[in-house]
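Participant: Just need the structure, nothing else, for what follows:
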Amino acid sequence: MPPVSAGLLMVRGHVHAPEFLLAHPGGPFFRSKDVGSWTIPKGLVNPGEDLLAAARREFEEETSVPPTTDCFISLGHVRQGSGKIVHAWAFAGDCDPAAIRSNTCEMEWPPRSGRLVTFPEIDRAAFYDLATARRKILPAQSPFIDRALAAIARLLP
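Facilitator: Next up, the predicted model:
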C-alpha cells in the first residue's frame, strides 16, 4: 500500500487574480531547489483518520495557521513519482507567510553519520500568482492548481 498524504491549498485574492499559498520543504535536500519543488502544506494520514481531518491537522502543523473555515472544495488526488497518493482540498483564506512556523522532523545528516539533526518540515511559504504557482509547485501536484482554478468562483469573490 503506498503512503497517503492529505493537505490544503489556501487561495486568496479575487476570481480574476487568485494567489496560491505554497510551502518550500525544509531540510538539506531542498535547500538549493526552487522551481518545481514547492508543495501544498500536507502530511501523512494516520491509520483510520478522516482525509479532510488529516489535511486540516497537517496544514496547521506545517504553517501554524489554523484553517478558519468549514468550506473546503475537494481537489481529488494525485500520485507522485514516489508512488505516494496526495489528497487535497482548496479553501479561501489569508495569512502572513513570513509569520509561518512549521513543526520539525529529525533525520540523520549527513547520511550514515549517526548524527540526528532537526529541520523544519517547511522552511518558508509564499503566495504566488497563477503562472508562478504553476512553475514553483512539484509537477505531480500541478493538477491541484488547475482544479482549484476551475472551482475559483466558489472560493473567491
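
Participant: rest of the way, CA atoms for contacts and neighbours
Facilitator: Fine.

Participant: show me the contacts for the residue nearest the centre of the chain.
Facilitator: When CA atoms, centre = their mean is applied to the chain, the residue found nearest the centroid is residue 40 (1.6 Å). Residue 40 makes contact with 7, 8, 9, 21, 22, 23, 137, 141 under the criterion CA atoms under 8 Å, 6 or more residues apart in numbering.

Participant: and which of those residues is nearest residue 153?
Facilitator: Residue 153 lies nearest to residue 9 out of the contacts of residue 40, by CA to CA, at 15.2 Å.

Participant: nearest spatial neighbour of that closest one, skipping sequence neighbours?
Facilitator: On the basis of CA to CA, 6 or more residues apart in numbering, the spatially nearest residue to residue 9 that is not a chain neighbour turns out to be residue 90, at 4.6 Å.

Participant: so what's the backbone phi/psi at residue 76?
Facilitator: The phi and psi torsions at residue 76 (degrees, to the nearest 10) take the values phi 80, psi -150.
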